[in-house]
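Asker: Please work out how this folds:
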Amino acid sequence: MLEFYAGDKLVRRFIKIDKLSTAMGTDDGKPHSYRFGYGVLEENFNMIADPDEKKMYFEVSDFGSNYIFFENPR
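Answerer: Okay, here's the model as predicted:
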């Protein structure tokens, strides 16, 4: 499970994550400043992968600029 908060409010949760990996450069083989994975975007926060909640690709920043990138689930 991977959770993202805005202050003290839960705003995104991914469950059933296959793996969380560090992106590596194609040419130099050095690690990039983000991690990526595949998981179910758990939209209603009930801790269950409901049939309408889809597994999707996401990226999470490693450094000071906090962000999460993910596909549009709809």
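
Asker: can we go C-alpha only for contacts and neighbour counts from here?
Answerer: Noted.

Asker: Am I right that Asp18 is in contact with Gly37?
Answerer: Yes. With contacts counted by Cα atoms under 8 Å, Asp18 reaches Gly37, the gap being 6.8 Å.

Asker: more crowded one of the two?
Answerer: A count of neighbours by other Cα atoms under 10 Å puts Gly37 above the other of Asp18 and Gly37, at 18 against 11.

Asker: Looking at strand pairing, list the partners for the more buried one.
Answerer: Taking DSSP bridges, one obtains Leu20, Phe58 as the residues bridged to Gly37.

Asker: Can you name the residues that contact it?
Answerer: Neighbouring residues of Gly37 by Cα atoms under 8 Å, 6 or more residues apart in numbering: Ile17, Asp18, Lys19, Leu20, Ser21, Tyr57, Phe58, Glu59.

Asker: Pick out whichever of these sits closest to Asp27.
Answerer: Nearest to Asp27 out of those is Ser21 (Cα to Cα; 17.9 Å).

Asker: For the protein, spot the helix or strand the model is least confident about on average.
Answerer: Across the helices and strands of the chain, mean confidence by mean pLDDT, DSSP states H and E is lowest for strand 68-70: a mean of 81.

Asker: so what does that one touch, helix or strand wise?
Answerer: Contact here means 3 or more Cα pairs under 8 Å, 6 or more residues apart in numbering; DSSP states H and E; on that basis strand 68-70 packs against strand 55-61.

Asker: Could you check how many residues crowd around Lys9?
Answerer: Counted with other Cα under 10 Å, Lys9 comes out at 8.
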